[in-house]
Structures are given as structure tokens and as C-alpha cells.
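**Q** here you go, sequence then predicted model.
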Amino acid sequence: MKRRTKVLSILVMCTVLFLSVIPVQAKKSKNYWPKQSDEITADAAILMDVDTGTILYKKNINKKHYPASITKILTVLVAVENSRMDEVVTFSQDSIYKTEGSGISRDIGEKMTMEQCLYAVMLESANECAYAVAEHIAGSMQKFVKMMNDKAKELGCKSSHFANPHGLPDDNHYLTAKDMAVIARAAYENETFRLLCGTKRYTIPPTNKHSEPTYLVNHHKMLYPKDTAAYLYDYCTGGKTGYTVAAGSTLVTYAQKDGMTLLTVILKGTSPQYWNETRSLLEFGFENFNLCNVAEHFGEADENSEEEKFDTLNTNDPYAQIDPQAKVILPKSVSFNKTAMEISYENLPENSLAQLIYTYGKHKIGIADIIRTNTLIDKSDAADYTQKDLSESAAETVSSENAVTNEQTNVSEKEENQKPASDKKKGNVIEKIVSSIKNFDIKSVFEGFDVKNTIEKMTGSIKGFFVSMKDNFSLQHGIVIGGVVLGIVLIIIFKVIYDKYYIIRQRLANYRNRKQQQKKYTVIRDSRRGRKRKNR
């Protein structure tokens, strides 16, 4: 008995131990977002998708730090937007003697092109070149600094301030990792900047002060093996390094893989860890996230709808469309239909009718612009499209595209009621345009086109014309009347031909669909007969 009890106790203990070591896999929530497992020792870090601006990883991103030489990303961005690459820059006494640290040993009065100066700034982090560029563009270093701060504010930076173009320590020169990522993303959209920051080597030819060429190499070790190949990263496309005692090691890195471009910012890092941590962040982004093209997923047709499959009558090009380049970023295990979308009409870019703001959980994952297509519209196509049709189409679009809760819907209705009448009207028009994109039906744009009212006005005008002519008839009036009558006759003839043509098109479409179905049936029937003959 005692032996049986002892055996049972041992079995219970083994079962408990076995269950304790079995890993329990947590169920992914509907707002699942991957987490970086590797430790980041830098005081602040951020990983951002360049296409969408979505933050994929963050650590102390709103904490202020000294940036050191990654300041030069903003310097170069302001420079390429306000100068030509062939402009000649002359080095002043201040640019030589009011800078220290990294440089390429220029002399007072030396002349270089803007392109040569900017390559020296980005590759060799030349402080005297950054100062000379600032003086050349703005007239003084202080005025250029104002341009830098204005540009940062324009991009939406709220917690940063710049005091010089080179990044040497200054109490009034600071930024956050988030603001630096915003600046770096905006800079990378500029083609000239991408060329500058991604160049590995560059040669400055002899100048009026130097008889020998000056050779430049990129200091970013993930792009170019300046003194070691240990940190090279195949997908790195550029970046900028920085270091001062006050700032520590700072680093901005761009990388591209499988059509996705990411950037990282490291502030107050330590060497060599910040190279490995940058690589770890980039690998985390590439392994866990995917880009989705909004236009390819927006308003996907219902596979069960035979009417939509065989509808070949609508040949109109859409008046507006989703920007074909617009993308959102999602975890690889999440499908596009799990996202939520809302329409915005505020701060629209040029040529944009509205913006679709996509979110997933608490994360803003991308924006898609609704843009004009420059399609010419025939208003007669709107004649048979009623207000009821418009309302139903808009309602179907909202119900199928917006995966929002009842609480969110109630909040949206309250905000809508507080909007001015003009904004509501604009909103309704844009929503109908969105609906027409999905249904490929441009007729919904012309809700306000009242055919009946227009005909009544035309009839009244013609009647008034005849009344005024009652007592003063002439040959000229007869020609005008004849022209009006001829115009009416032509309109009637055109209407009859159009109606007949529409019926003919419809019959042709139906005939083509029947032939396709008959062909499919014939293929299936013949294949079955072939199998039967084989079996015999």
C-alpha cells in the first residue's frame, strides 16, 4: 500500500514538472505587433518605415539629446533645396577658424562647387564645409540656422532646436530620436540627398588652394569598410555618423530589402555596440513586417457576385483613384482587411481630393491619397443615376471598407455634426468619389445634376424667346428658330441612336457571356467523355 502511494506521488510530481516546462504559447491578439527581442543599450533609438512613416520600434524617442554630426542631414537637405550643385562656394575666415573637429583642411579663399562641399559634409563630416555652405546660401551662419529650424518645424518636429549647421556641442542644439527620424525620412525623399548619402568614395579635383586632389571615403561602416569590414551590411544604402563627448555616438542608417526601405536613429550610443544594435533593428523590421499596396487591396470585388464578374457595360474611366504608390505596413501575420480606415480632408497635399488614413490597433500604418485622374466626364452619363443609387452606393462602401466599432462610429457622427455645412458637403462628395472608385462608376460624382429641372429651364427660355418675338419677326429670327428646331431634332435623333446603341452593347455583352459559359461547359463535357473512353 505504501509502495503504491509512493509510486503515485512520484507520477504526480513528474506530471507537474513536465507541465511546467511546456511552453505556453500566448494567443495573438487582434492588434498584434511584433516586439524586438534584442536589448538596445543606446539611450534612445527608433526604427521607422520610410514609405509610410510608421514607427516599428521605439525607445525614449521623445527624450532630448545632442545630435553631433547627424545634424548635417538637415544641413544638406536645406542646401540641396536652396542651391544648384554647380554654384561656387568660397571659404571665409569664419568657416575655417570658427570650426573644429572633423574636416578636410580647407584654406581661406578656397573655392569649391556646392556638390564638392556637400560630398565632403556627408562622407568626411567636414565642419568647415558645412559652415561655408551655410554662409553661401543664407549670407550668414545665423540666417542659415533659422532656415534649418524653419524646415524642421515645417516637417512637424516639435522637440528639437538647431544652433549650427555642423553639430558641434551647444546648449541650444538638441533633438529627439523621433524628430531626427522625421528629418531623415524627408531628406531621403530627395533624389540628390540619396545620391550624396549613399556614395562610398568621392574625389575632389585640385582647387585654387590645393594642387592635389582630395580623396573622400564614407565613414558609415555598414556601407563602406573604412577601417574594418566587420560591420558591413548588404542592404545598407546610406546614412550619417556622429560623435562628440557630450553626444556620445549617434547614427542614422538607411537600408532597403525586398522593396521595403527602413531607417534607424541611434542617440547616445556606445561604440561598437551601436553598429550591432542598428543591424539588429533593421533585421527585426525586415523579418517581421510587410508593405501592402493600398490600391491593390482597396475595394476588392466580391468573389460570389456574378453580376460584378460579367458586367462589361461600364467603360468609363474613374474621375479619381487611390494613389497607385500608396502603401501601408503591417506585421507579416496580419492581413489588410484587419486594418481600419478613416477619410481626412485636412492639410491635403496638392492635387489630393482627400486622404485615407489607415490604422491597425494603436499604430498609424500609412496614408493613401485620393488623386484626380484628369478624366473628362460626360454629364449625360449621370442622367439615369438617381439620388437613391448614390446613397445606397455610399452606404455599401462605408459598411464594407471601414472596420470600426459602434463606439467609433458614434464619435465620428458627433464630430460630423459639429462641422460647418460646407465641410459636410465636401465630405459627402469625397466619400461618393471613394465609392465610385470601388464600383468603377463615375456617375456618382454628379449628384447635383438635375435633368428634369434643366429641361424645364430650357423650355421656359424658349417660350420667353417666342413671346418676345411675337410683334417683331424677321428673317434673322426665322434663322434662329430654325436653328433651335434643328438642334432639338438632332438631340432627339442622338438620344434614339444612343438608346439603341446601349441595347446593342448590352445584347452583345450577354451573348459574349453565354458563349464563354458554353465554351467552359463544352470543355468540361469533352474532358469527362475522354475519361470515360479511357476507363473503357
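**A** That came through fine.

**Q** low-confidence regions, the stretch 1-150 of the chain specifically.
**A** 1-30 (pLDDT under 70).

**Q** so Gln506: helix, strand or coil?
**A** State at Gln506, reduced to three classes by DSSP: H, G, I helix; E, B strand; the rest coil: helix.

**Q** nope, Gly483 is what I was after
**A** Classified using three-state DSSP, Gly483 is helix.

**Q** tell me, how many residues neighbour it?
**A** 10 (other C-beta atoms under 10 Å). C-betas here are computed from N, CA, C, even on glycine.

**Q** got it, and Lys362?
**A** 7.

**Q** how close does the closest residue to Glu212 other than its chain neighbours sit to Thr214?
**A** Among residues not flanking Glu212 along the chain, Pro206 sits closest, at 6.3 Å (C-beta to C-beta, 6 or more residues apart in numbering). Here the criterion is C-beta to C-beta, to the nearest Å. By it, Pro206 lies 9 Å from Thr214.

**Q** residues contacting Ser83?
**A** Ser83 is in contact with Met114, Val133, His136, Ile137, counting by C-beta atoms under 8 Å, 6 or more residues apart in numbering.

**Q** quick one, phi/psi of the closest residue to Lys98 other than its chain neighbours?
**A** Leaving out its chain neighbours, the residue that sits closest to Lys98 by C-beta to C-beta, 6+ apart is Tyr131, at 6.7 Å. Dihedral angles of Tyr131 (phi, psi; degrees, to the nearest 10) stand at phi -70, psi -40.

**Q** so where is the stretch 251-400 of the chain shaky, pLDDT-wise?
**A** Residues of the stretch 251-400 of the chain that meet the cut-off, pLDDT under 70, sit at 299-319, 374-400.

**Q** quick one: the helices in it, in order.
**A** 273-288, 294-297, 306-309, 387-401 (DSSP state H, counting those that start in this stretch).

**Q** His219 and Lys226, how far apart?
**A** 6 Å.

**Q** the more surrounded of those two?
**A** Shown here are His219 and Lys226; by other C-beta under 10 Å, His219 has more neighbours (20 against 15).

**Q** run a quick neighbour tally on Lys200.
**A** Lys200 - counted by other C-beta under 10 Å - has 14 other residues nearby.

**Q** surely it meets Tyr224?
**A** Yes: contact criterion C-beta atoms under 8 Å: Lys200 and Tyr224 qualify, at 4.4 Å.

**Q** what's the overlap in contacts for these two?
**A** Val217, Asn218.

**Q** hang on, the earlier thing: what sits against the residue nearest to Lys98?
**A** Asp94, Ser95, Lys98, Thr99, Met141, Asn164, Pro165, His166.

**Q** 10 Å instead?
**A** Shown in contact with Tyr131 (C-beta atoms under 10 Å, 6 or more residues apart in numbering): 75, 91-92, 94-99, 103, 106, 121, 141, 144, 164-166, 168.

**Q** any idea how many residues pack against Ile367?
**A** If we define neighbours as other C-beta under 10 Å, then Ile367 has 19 of them.

**Q** for it, give its distance to Lys111.
**A** Distance of Ile367 to Lys111, given as C-beta to C-beta: 44 Å.

**Q** list only buried entries from the contacts of Tyr131.
**A** 75, 91-92, 95-96, 99, 103, 106, 121, 141, 144, 164-166, 168 (16 or more other C-beta atoms under 10 Å).

**Q** inside helices: which ones of those?
**A** Counted as lying in helices by DSSP state H, out of those, are Thr75, Ser95, Ile96, Val121, Met141, Phe144.
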